[in-house]
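Asker: Got a sequence here, can you model it:
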Amino acid sequence: MSESVIELTKQLIAQKSVSPDDKSCQEIIIARLKALGFTIEELNFNQTKNLWAYHGEGETLMFAGHTDVVPAGDESKWRFPPYQPTIDDEGNLYGRGAADMKSGVAAMVCAAEDYVKQYPYHKGRIAFLLTSDEEADALDGTVKVVEALIQRQEQINYCIVGEPSSEKTVGDQIKNGRRGSITANLVVHGIQGHVAYPHLADNPVHRFAPALNELVNTIWDQGNQYFPPTSMQIANINGGTGAENVIPGDLKVQFNFRFSSELTDQIIKERVETILKKYHLNYTLNWRLSGQPFLTKQGKLTETASQAINNIVHINPILSTSGGTSDGRFIAKMGCQVIELGVINATIHKVNEHVHCDQIVKLKAIYQQILERLFSE
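Answerer: Now for the predicted structure:
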């Protein structure tokens, strides 16, 4: 059935589903799941399409992912047109979303197809949660569906998010958690004036410099056995008017924290405010919390996934919490074990995004064996 998973991946790549426009991705998937007898529910919010589907009953493994992609950028720089899936002579499948994460979605669907055909009266429940709003604001996608599922008291035991988690070979790494992410949007207020008359102005850049130095050099925590130390990075600074002889009136600074479970967003806010007040700054500060840290400790899901990987590709994966955020942060609120397991992430969001077809076939086999180990043994 290797041809089926490659063909489905190509069908999905051919849909120019730039977030939150799903095009026909979920329609394609719904048709295949309906043919298997899945119960289908579309939970759409505003411009976002969300799919909740399930088959069977009892202990539940949910496959989660997204059908949207980031823009292709300058298409003239691509080796092949980004929405015309193309396999080169070496077996690499090119196209926007090839790695992030239409191959993962195809592998999930095809693994479920083969499993249900083999075990039509299987134990447990297989579920899908797919959204077209992961790559953009993530306001009307998984987070909204999770809220709806929690309200109706849906019980999810295990979740596999098909994000591209591997580094050098498929299955070499399982993400069993992610750091939290919070962004600060700071405006330091001063008084605009002529550079020749600094005594008549108040330069916010000069004012902020000592605080910036302290923010950058602060050790926020030491991390722990699951997470690296919290990282703070300046993303943007803008303070000029465009004229070389004007002291700016305001300085805009944006910085982000990727934080471990040693901190909370509230602790970060308080520590930043303490530093800013220490230097007597006149400022406005707004925060945007993208997600709290979450962790799935070693247990049935990580062990089952590791056994499946070892059996299919003959390696022992490592557990990691590195990288950015994913929709797993929303799903973890349901109290289930959550991992991310997908293809190699080397070309995600890049020009000439691609994945080798062999990776997709192996990923599908790993997913199918996880189902067999959880529900058929």
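Asker: count of neighbours near the residue nearest to residue 71 when sequence neighbours are not counted?
Answerer: Leaving aside its sequence neighbours, residue 71 sits nearest to residue 18 (Cβ to Cβ, 6 or more residues apart in numbering; 5.4 Å). Where C-beta positions appear, they are placed from N, C-alpha and C, glycine not excepted. Look at residue 18: counted by other Cβ atoms under 10 Å, it has 19 neighbours.
Asker: hang on, residue 129 in a strand?
Answerer: Yes: checked against DSSP: H, G, I helix; E, B strand; the rest coil, residue 129 lies within a strand.
Asker: Just the helices from the stretch 251-377 of the chain, written as ranges.
Answerer: 265-278, 300-313, 328-331, 357-375 (DSSP state H, counting those that start in this stretch).
Asker: The ones you listed: which one's closest to residue 59?
Answerer: Proximity to residue 59 (Cβ to Cβ) singles out helix 357-375 among the helices of the stretch 251-377 of the chain, at 7.7 Å.
Asker: Doesn't residue 62 belong to a strand?
Answerer: Yes: applying three-state DSSP, one finds residue 62 inside a strand.
Asker: That one touches residue 338, doesn't it?
Answerer: No: under the criterion of Cβ atoms under 8 Å, residue 62 makes no contact with residue 338, lying 9.1 Å away.
Asker: between those two, what contacts are shared?
Answerer: Residues touching both residue 62 and residue 338 by Cβ atoms under 8 Å, 6 or more residues apart in numbering: 159, 331.
Asker: out of these two, which sits in the more crowded spot?
Answerer: Set residue 62 next to residue 338 and count neighbours by other Cβ under 10 Å: residue 338 wins out with 29 against 24.
Asker: returning to that earlier point: the helices of the stretch 251-377 of the chain: lowest mean pLDDT?
Answerer: Mean pLDDT is lowest for helix 328-331 out of those, coming in at a mean of 91.
Asker: how far does that helix sit from the chain's center?
Answerer: Offset of helix 328-331 from its chain centre (Cα atoms, centre = their mean, to the nearest Å): 9 Å.
Asker: so what does it touch, helix or strand wise?
Answerer: Judged by 3 or more Cβ pairs under 8 Å, 6 or more residues apart in numbering; DSSP states H and E, helix 328-331 is in contact with strand 60-66, helix 142-151, strand 158-161, strand 283-291, strand 337-340.
Asker: Show me the contact partners of that helix.
Answerer: By Cβ under 8 Å, 6+ apart, the list of residues contacting helix 328-331 reads 62, 64, 129, 142-143, 146, 156, 159, 161, 163, 175, 178, 180, 290-292, 294, 338-340.
Asker: Tell me the pLDDT of the residue nearest to residue 71.
Answerer: As predicted, residue 18 sits at a pLDDT of 97.
Asker: Touching, residue 123 and residue 376? I think so.
Answerer: Yes: in this structure, residue 123 is within contact of residue 376 by Cβ under 8 Å, at 7.1 Å.
Asker: which stretch among the helices of the stretch 251-377 of the chain comes nearest residue 42?
Answerer: helix 328-331 (18.4 Å).
Asker: buried set for the closest one?
Answerer: For helix 328-331, burial by neighbour count (16 or more other Cβ atoms under 10 Å) applies to 328-331.
Asker: swap in stretch 289-308?
Answerer: Buried residues in stretch 289-308 (16+ other Cβ under 10 Å): 291-296, 301-302, 304-306, 308.
Asker: Greatest separation within those: which pair is it?
Answerer: Of all pairs in the buried residues of stretch 289-308, the most separated under Cβ to Cβ is 292 and 308 at 28.7 Å.
Asker: Tell me the buried residues within the contacts of helix 328-331.
Answerer: 62, 64, 129, 142-143, 146, 156, 159, 161, 163, 175, 178, 180, 291-292, 294, 338-340.
Asker: on that earlier part again, any chance of the helices of the stretch 251-377 of the chain in TSV, plus distance to residue 205?
Answerer: TSV is the format used below for the helices of the stretch 251-377 of the chain (distance: least, Cβ to Cβ, whole Å):
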stretch	distance to residue 205
helix 265-278	15
helix 300-313	48
helix 328-331	35
helix 357-375	48
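Asker: and residue 170, which of these is closest to it?
Answerer: Closest approach to residue 170 among the helices of the stretch 251-377 of the chain is made by helix 357-375 (4.4 Å; Cβ to Cβ).
Asker: Kindly list the main-chain dihedrals of the most centrally placed residue in the chain?
Answerer: Centroid-nearest residue in the chain, with Cα atoms, centre = their mean: residue 326, separated by 2.4 Å. When read as degrees, to the nearest 10, the backbone of residue 326 gives phi -150, psi 180.
Asker: Can you give me every residue that contacts it?
Answerer: 134, 161, 163, 175, 178, 340.
Asker: ok, of those residues, which one's closest to residue 92?
Answerer: Using Cβ to Cβ, the contacts of residue 326 come closest to residue 92 at residue 163, 19.6 Å.
Asker: Mind checking what secondary structure that closest one has?
Answerer: Three-state assignment for residue 163 (three-state DSSP): coil.
Asker: Hmm, it is touching residue 65, no?
Answerer: Yes: between residue 163 and residue 65 there is a contact under Cβ under 8 Å: 7.3 Å.
Asker: Quick check: neighbours shared by the two?
Answerer: Shared contacts of residue 163 and residue 65, defined by Cβ under 8 Å, 6+ apart, are found at 101, 104.
Asker: if we can go back for a sec, out of the helices of the stretch 251-377 of the chain, which gets nearest to residue 116?
Answerer: helix 357-375 (8.9 Å).
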